[in-house]
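>>> what would the 3D arrangement of this be:
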Amino acid sequence: MGDLTKIDGNCGRCRTIATAVVSMLAVMVPTTASAEVEVNPFVSLRQVVSDGSNRDGRGWLEAGAGFAALLDTNRVDGQFNYRYARRMEEFGNINQKNRHNANAEIRAELIDDFLMLDAGGTASQYSTDFRGFNALNPDDESGNQSQVFSGYLEPSVQQRFGDFATFQGRYRVGAVSVDSPREGLSNPGSIGLDPSDGIGSRLSDSITQTASVTLASTRATNTINWSLNAQGTHEDVDQLNQKYRGYSAGGELGYRISRKLELTVSGGYEDIDNTQDSILFDEETGLPDLDEDGHFQVDPDMPRRTAYDFSGAYWNAGFRYTPSRRTSFEFRAGERYGSANFFLNFNHRSRNGMSVRANFQQTLNSFSRLLTMYENGVPIGMTRVGGLDQLGVPLCVFGIDPASDDGGCYRGLTQSLTPATFKSDRGLLMVSRSLEALTWSATVYYDKRRYVDSQQLQAPTEVELPPNLFGDDESFGVRGRVALRLGELQTLGFDALLARNSYALSSQRKDTQLTLGTQYSRRLSKNLSGNASLYGTHRITETRQDSSTFTASVGVRYNF
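Residues are numbered from 1 along each chain as shown. Predicted coordinates for the structure are as follows:
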């Protein structure tokens, strides 16, 4: 985590939070003999070539270094993965020469059975506009990509009051910083996300805070269970001083019919508003005035705009079914954010290594809040699936690292880097199985974003944009992954992704994408291994010419 705080000079807010995490954790790790710390540093060197239709060939030499670490003590558990890569151009134009990829999670018990501290961070490449992103290829080289840094810190307390109730309080602060070159604005008129009319809604830096308290009956064999809860969320985005404020309070009542089945009903009240300053436009060109950092400037003569404002009651009813320790199913249906709302969660793990997971939920969110916060009061954690850090979602940001047969993923974020607030309908079905020499996983996913505001998309002569100006974003697809160990020295992997993406804020463009990839690694000595990869992508676009790209690489990696 310490390395993560130094990886970019522009990640000021992320660095502040990460430094605080490191400082606090440094005094918590006990020096007893029971502490287990494992650190595995490495260096790598790879030769990569890339080509495709509608673009020139590219080639680069990539030098990398990083480490993987595990921490297991009496009070602290954590895992860290960090990799830095420098791409040295040989021919063609390389857009992003420096790449940082990291995942970090740590959990510490500061006071026994009372005070906990969770912290984490992520660094990875992400598509500025999801239309052009290849979700599997680690060597994807595109000017449409940005470097994203994020981190969060969450202290929490828990106190049990005998057999009556348990109190829990959480506070989480998260930061997101995006190192994204801004394209120039060239066309007058309304400002959208398509490069043809100027990119006017890029996410740069944001800070999000969430605080929640819960008082719930102590479960065990109670026939009737209850809980009371309250939560507040603040998000502050530097662009146009955007502020999101959301508050809610409510309760839940559960009736246990049997040991396996419980009926639930919940409800409450919420109040949400989202405001931002107005854009300053140039009177002659009709384009926004940008400062030296490429950010919008504020029009002092225009009032702040209310992008979204909602208050009202919410409710849902459903059941929890737990037939065994290996299987659980929960379903709820009701109303929230002024419309119908559904939640489904199913988990099953068999004795033969098979795992099945299905999830669907509807939330009001943004890119930053999805990345650093938790949904429905449940923190998003890391789970190991098929040798990949899936983080519980179907899509990897930078795919499989061909130098280590490992991956780092975001949490199913299939929208572009916009600060817009949207109602998110997200679902997935994931099946995986681990055998002695074979591991495979298959995922079907669905993600729909219904924009509740135009968020920084503003016409120069209009105080407010007309309602329903933009449609919905929608992404769905299927992904498969197979990893095969060929004896003790060799590993062979295959990836496939078939995806359909429609993006309302980019001229209603719709793409169908097919990506196939394979990776091979072989241990050459105790510490030295060789690797190779090959990826190909074909993209079909309704309104534009189809395109294809491929990349190939070969390299070595030395583990100290």
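>>> what stretches of the stretch 451-560 of the chain score poorly on pLDDT?
Regions of the stretch 451-560 of the chain meeting the criterion pLDDT under 70 cover residues 453-471, 504-509.
>>> just the chain next, same as before
Using pLDDT under 70, the chain drops low at 1-34, 129-135, 143, 180-202, 220-221, 285-287, 293-294, 374-416, 453-471, 504-509.
>>> longest strand of it, counting residues only.
In the chain, assigned by DSSP state E, the strand with the most residues is strand 305-324.
>>> so which bits of that one are buried?
Neighbour counts over strand 305-324 (16 or more other Cβ atoms under 10 Å) mark Arg305, Ala307, Tyr308, Tyr314, Asn316, Gly318, Phe319, Arg320, Tyr321 as buried. C-beta here means a position set from N, CA and C on the backbone, and glycine is covered the same way.
>>> distance to Gly517 for those - can I get that in JSON lines?
As requested, the buried residues of strand 305-324 are arranged in JSON lines below (distance: Cβ to Cβ, whole Å):
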{"residue": "Arg305", "distance to Gly517": "44"}
{"residue": "Ala307", "distance to Gly517": "40"}
{"residue": "Tyr308", "distance to Gly517": "40"}
{"residue": "Tyr314", "distance to Gly517": "43"}
{"residue": "Asn316", "distance to Gly517": "41"}
{"residue": "Gly318", "distance to Gly517": "40"}
{"residue": "Phe319", "distance to Gly517": "41"}
{"residue": "Arg320", "distance to Gly517": "39"}
{"residue": "Tyr321", "distance to Gly517": "39"}
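>>> nearest to Asp179, of these?
Distances from Asp179 to the buried residues of strand 305-324, taken as Cβ to Cβ, are shortest for Ala307 (25.3 Å).
>>> wait, the closest one sits on Thr421?
Yes: with contacts counted by Cβ atoms under 8 Å, Ala307 reaches Thr421, the gap being 7.0 Å.
>>> re earlier: residues contacting the very next helix or strand once past the longest strand of the chain, please?
Per DSSP states H and E, strand 305-324 leads on to strand 327-336 as the next helix or strand towards the C-terminus. Strand 327-336 is contacted from outside by 264, 266-267, 270, 313-322, 340-349, 362, using Cβ atoms under 8 Å, 6 or more residues apart in numbering.
>>> does anything pack onto the helix or strand that strand 327-336 is followed by? Which helices or strands?
The first helix or strand that comes after strand 327-336 along the chain, using DSSP H and E, is strand 339-349. Of the remaining helices and strands, those touching strand 339-349 by 3 or more Cβ pairs under 8 Å, 6 or more residues apart in numbering; DSSP states H and E are strand 305-324, strand 327-336, strand 354-365.
>>> partner strands of the strand or helix carrying Ala496, parallel or antiparallel?
If you go by DSSP H and E, Ala496 is part of strand 490-503. When sheet partners are counted by DSSP bridges, strand 490-503 sits next to strand 472-486 (antiparallel), strand 509-523 (antiparallel).
>>> next SSE downstream of the last one?
From strand 509-523 onward toward the C-terminus, using DSSP H and E, the following helix or strand is strand 528-541.
>>> so which bits of that next one are buried?
The neighbour-count criterion (16+ other Cβ under 10 Å) identifies Ser529, Asn531, Ala532, Ser533, Leu534, Tyr535, Gly536, Thr537, His538, Arg539 as the buried residues of strand 528-541.
>>> from Leu438, how far off is the first one?
Using Cβ to Cβ, to the nearest Å, Ser529 is found at 20 Å from Leu438.
>>> how about the fifth one?
Counting by Cβ to Cβ, the gap from Leu534 to Leu438 is 21 Å.
>>> and the fourth one, by the same measure?
Here the criterion is Cβ to Cβ. By it, Ser533 lies 19 Å from Leu438.
>>> now do the helices in this structure.
For the chain, the helices defined by DSSP state H occupy 12-26, 367-372.
>>> now the last one, how far from the centre of its chain.
So that's helix 367-372. Using Cα atoms, centre = their mean, to the nearest Å, the mean C-alpha position of helix 367-372 is found 7 Å from that of the whole chain.
>>> OK, contacts around Arg160?
Listed by Cβ under 8 Å, 6+ apart, the contact set of Arg160 reads Asp113, Thr166, Phe167, Thr218.
>>> can I get the buried residues of strand 528-541 in CSV including distance to Tyr445?
CSV is the format used below for those (distance: Cβ to Cβ, whole Å):
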residue, distance to Tyr445
Ser529, 32
Asn531, 28
Ala532, 29
Ser533, 23
Leu534, 25
Tyr535, 20
Gly536, 21
Thr537, 18
His538, 20
Arg539, 18
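>>> okay, now the residue nearest to Met373 when sequence neighbours are not counted: neighbour count?
When the adjacent residues along the chain are set aside, Met373 lies closest to Thr210, with 5.4 Å between them (Cβ to Cβ, 6 or more residues apart in numbering). As a burial measure, Thr210 scores 22 neighbours (other Cβ atoms under 10 Å).
>>> over to Gln125?
By the criterion of other Cβ under 10 Å, Gln125 has 20 neighbours.
>>> ok, it touching Asn98?
No: in terms of Cβ under 8 Å, Gln125 does not count as a neighbour of Asn98; the distance is 10.6 Å.
>>> find residues that contact each of these two.
Counting by Cβ under 8 Å, 6+ apart, the common neighbours of Gln125 and Asn98 are Gln147.
>>> can you point out the buried residues in stretch 551-560?
Applying a neighbour-count criterion of 16+ other Cβ under 10 Å, the buried positions in stretch 551-560 are Thr551, Ser553, Val554, Gly555, Arg557, Asn559.
>>> show me what the fourth one is bridged to.
Residues in a beta bridge with Gly555, per DSSP bridges, are Arg46, Asn531.
>>> quick one: buried residues of stretch 275-293?
For stretch 275-293, the neighbour count (16+ other Cβ under 10 Å) marks Thr275, Gln276, Asp277, Ser278, Ile279, Leu280, Phe281, Leu287, Pro288, Leu290 as buried.
>>> restricted to strands, list these.
Members of those lying in strands (criterion: DSSP E): Thr275, Gln276.
>>> need the max-distance pair from the buried residues of stretch 275-293.
With distance counted by Cβ to Cβ, no two of the buried residues of stretch 275-293 lie farther apart than Thr275 and Leu287, which are 23.6 Å apart.
>>> in contact with the closest residue to Arg351 other than its chain neighbours, which residues?
With Cβ to Cβ, 6+ apart as the measure, Arg326 is the residue that lies nearest to Arg351, at 7.7 Å, once sequence neighbours are left out. Applying Cβ under 8 Å, 6+ apart to Arg326 gives the contacts His348, Arg349, Ser350, Arg351.
>>> got a list of what the residue lying closest to Leu417 once chain neighbours are set aside touches?
Distance criterion Cβ to Cβ, 6+ apart; nearest residue to Leu417, sequence neighbours excluded, is Leu203 at 4.4 Å. By Cβ under 8 Å, 6+ apart, Leu203 lies in contact with Val176, Val178, Ser180, Val237, Gln239, Phe367, Ser368, Leu417, Thr418, Pro419.
>>> tell me the one of those nearest Ser432?
So of these, ranked by how close each gets to Ser432 (Cβ to Cβ), first place is Phe367, at 26.8 Å.
>>> and the gap between that closest one and Ser204?
In terms of Cβ to Cβ, Phe367 sits 11 Å off from Ser204.
>>> look at those two and report which has more neighbours.
Neighbours around Phe367 and Ser204, counted as other Cβ under 10 Å, are more numerous at Phe367. The numbers are 25 against 20.
>>> my guess is the more buried one contacts Thr418. True?
Yes: counting by Cβ under 8 Å, Phe367 does reach Thr418; the two are 6.7 Å apart.
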